[in-house]
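[1] next come a sequence and a model predicted from it.
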Number of protein chains: 2
Amino acid sequence: MSSESSSKSAINEGLYSTFRSLGYDGATLAALSRATGLSKASLYYHFPGGKQEMAATLLRDSVTQLNLLAFKQLNKKKRTANERIQRFLAGFSEYVSHGQENCLAAILVMGGARPLFLSSIKQQTESWLADLTNAYTEAGLSDKKARRKALEMFTSLYGGLCMAQMLDDPKIFQQTVNRLSKDAE
Amino acid sequence: MSSESSSKSAINEGLYSTFRSLGYDGATLAALSRATGLSKASLYYHFPGGKQEMAATLLRDSVTQLNLLAFKQLNKKKRTANERIQRFLAGFSEYVSHGQENCLAAILVMGGARPLFLSSIKQQTESWLADLTNAYTEAGLSDKKARRKALEMFTSLYGGLCMAQMLDDPKIFQQTVNRLSKDAE
DNA sequence: GTCTATATTAAGATAGAC
DNA sequence: GTCTATCTTAATATAGAC
């Protein structure tokens, strides 16, 4: 790991947390500059495409992170289907800091920048849904029931995040995860 | 109904749809002006507090609307508890145009303007949750179970809206409502 | 790679005529 | 009540030195 890549990930960390807490429109270059410790000009050196390229990059990074933490757990064929789902839930929860943060894809798709990112988010969400559906079919459910269960789980996870924001209490999300975890046993 | 009040509601309609589709930060005065057909100066005549007053007003209006369409259905003591919940769900679905629109409170609380509206949204959400919890206790559930069921229903509704946005398909929300409706029977 | 300085455009808001 | 015109500030973006 070179010093270049470690400082690059530090920059991305600052951009990421800014987009997550302020949304796309709220994350001004001034705010992004503050969060990274870099001047606006330096940000443009790293991201010639400006703010849009920054958000697109961080969206890709966050998707990678969520895949690593959660969705890869669904592919461990040596574990039982239920164990895989338990680990998926734990990974998803970790990704959103147990309800304290929100999913960047959800933030971007709900705000004014929706048109910029919709097609990529839609595609990724469909892929996630397919992964989870597949895990349920491997647990013995019919295709139809597996799809339904997968959608219900996603709905509960994102609804839990939304309610945690509206009630300003991450425990709401944690309760949702605990319930899903028990249901999967 | 005077001509004044009818044009006022027309103005609010334009502001409302702009805030819903663009979020607080994305809804610029230029966009709000376009949507209402009024100049910026005229908007300031109606809302001396500027954009923040516009959003606060529309948030209050939308809460009133959601209360009328959905939550008032929970108080009709002449109906059975299950009927009330069915009508609540139908009203909520109507409020969000059956999954085509999103709840303004959710949009505002997820974006960069969160600090401006959080306390009022949190309070309102707690009140909604109490209403729904109450409906479940009247249906015979224990306080604890009623609260859990109410939270689960909210989580599913807002999760359904979120998934509908991410998958760009309002039917996802409609399926969620249909499931909740069947579960309540 | 990072900076200061600056250009350019857009946003929020107001003045004053009608 | 609504407008045009304008002000001020902030946002995105670039130039050019180091």
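    That came in fine, so what should we check first? Keep in mind that what you see is a predicted model, and the values were worked out from it rather than measured.
[2] C-alpha from now on. contacts and neighbour counts both.
    Will do.
[3] how about the residues of chain A by chain B?
    A:21-23, A:25-27, A:105-107, A:109-113, A:118, A:121-123, A:125-126, A:152, A:154-160, A:162-163, A:165-168, A:176 (CA under 8 Å from any CA of the partner chain).
[4] quick one: low-confidence parts of chain A?
    A:1-6 (pLDDT under 70).
[5] helices of that one, start to end?
    A:3-26, A:29-36, A:40-46, A:50-69, A:81-95, A:104-110, A:114-138, A:143-166, A:170-184 (DSSP state H).
[6] packing partners of the last one?
    Judged by 3 or more CA pairs under 8 Å, 6 or more residues apart in numbering or on different chains; DSSP states H and E, the packing partners of helix A:170-184 are helix A:81-95, helix A:143-166.
[7] give me the neighbour count for the residue of chain A found nearest chain B.
    Nearest residue of chain A to chain B: residue A:159, at 3.4 Å (CA to the nearest CA). Close neighbours of residue A:159, defined as other CA atoms under 10 Å in any protein chain shown, add up to 28.
[8] circling back to that earlier point, looking at the helices of chain A, which is closest to residue B:41?
    With CA to CA, the closest approach to residue B:41 among these belongs to helix A:3-26: 23.7 Å.
[9] how near is residue A:53 to DNA strand C?
    16 Å (CA to the nearest atom of the strand, to the nearest Å).
[10] can you check residue A:58 too?
    In this view, residue A:58 and DNA strand C are 17 Å apart by CA to the nearest atom of the strand.
[11] report the contact partners of that residue.
    For residue A:58, the contact set (CA atoms under 8 Å, 6 or more residues apart in numbering or on different chains) comprises A:12, A:15, A:16.
[12] most neighbours per residue, which of the helices of chain A?
    Of all the helices of chain A, helix A:104-110 has the most neighbours on average by mean count of other CA atoms under 10 Å in any protein chain shown, namely a mean of 25.
[13] does any bit of that one sit next to DNA strand D?
    No: remark: helix A:104-110 sits outside contact range of DNA strand D, by CA under 7 Å from any atom of the strand, the gap being at least 14.2 Å.
[14] around DNA strand D, pick out the residues from chain A.
    Checking chain A against DNA strand D by CA under 7 Å from any atom of the strand, the hits are A:25, A:27-30, A:40-41, A:44, A:48-52.
[15] and those residues, which two are the farthest apart?
    Longest span within these, CA to CA: A:25 and A:41, 19.3 Å.
[16] how long is stretch A:93-100 from one end to the other?
    10 Å (CA to CA, to the nearest Å).
[17] swap that for stretch A:164-172, please
    Span of stretch A:164-172 from end to end, CA to CA: 5 Å.
[18] distance of the residue located most distally from the centre of chain A relative to residue B:76?
    Relative to the mean C-alpha coordinate of chain A, counting by CA atoms, centre = their mean, the farthest residue is residue A:41 (28.7 Å). Distance from residue A:41 to residue B:76, counting by CA to CA: 61 Å.
[19] list the residues that contact the residue nearest in space to the middle of chain A.
    Centroid-nearest residue in chain A: residue A:103, 3.9 Å away (criterion: CA atoms, centre = their mean). Counting by CA under 8 Å, 6+ apart, residue A:103 touches A:20, A:95, A:96.
[20] and residue A:183, by the same measure?
    Residue A:183 neighbours (CA under 8 Å, 6+ apart): none.
[21] what do you get for residue A:26?
    So residue A:26 contacts A:19, B:25, B:111, B:112, B:113 (CA under 8 Å, 6+ apart).
[22] try residue A:62
    residue A:104.
[23] can we see that at 10 Å?
    A:16, A:56, A:68, A:95, A:103, A:104, A:105 (CA atoms under 10 Å, 6 or more residues apart in numbering or on different chains).
[24] one step back: for the helices and strands packed on helix A:170-184, which one sits closest to DNA strand C?
    helix A:143-166 (23.1 Å; CA to the nearest atom of the strand).
[25] who are the packing partners of the closest one?
    helix A:81-95, helix A:104-110, helix A:114-138, helix A:170-184, helix B:104-110, helix B:114-138, helix B:143-166, helix B:170-184 (3 or more CA pairs under 10 Å, 6 or more residues apart in numbering or on different chains; DSSP states H and E).
[26] that helix vs helix A:170-184, what angle?
    Counting by axes from the mean of the first three to the mean of the last three CA atoms, to 10 degrees, helix A:143-166 lies at 160 degrees to helix A:170-184.
[27] would you confirm that residue A:165 contacts residue A:96?
    No: the criterion here is CA atoms under 10 Å, and residue A:165 misses it with residue A:96 at 11.9 Å.
[28] list the residues that contact the closest residue to residue A:22 other than its chain neighbours.
    Ranked by CA to CA, 6 or more residues apart in numbering or on different chains and with sequence neighbours excluded, the top spatial neighbour of residue A:22 is residue B:112, at 3.9 Å. By CA under 10 Å, 6+ apart, the contact list for residue B:112 reads A:18-27, A:107, A:111, B:23-26.
[29] give me that answer again for 7 Å
    When contacts are counted by CA atoms under 7 Å, 6 or more residues apart in numbering or on different chains, residue B:112 is found next to A:21, A:22, A:23, A:26, B:25.
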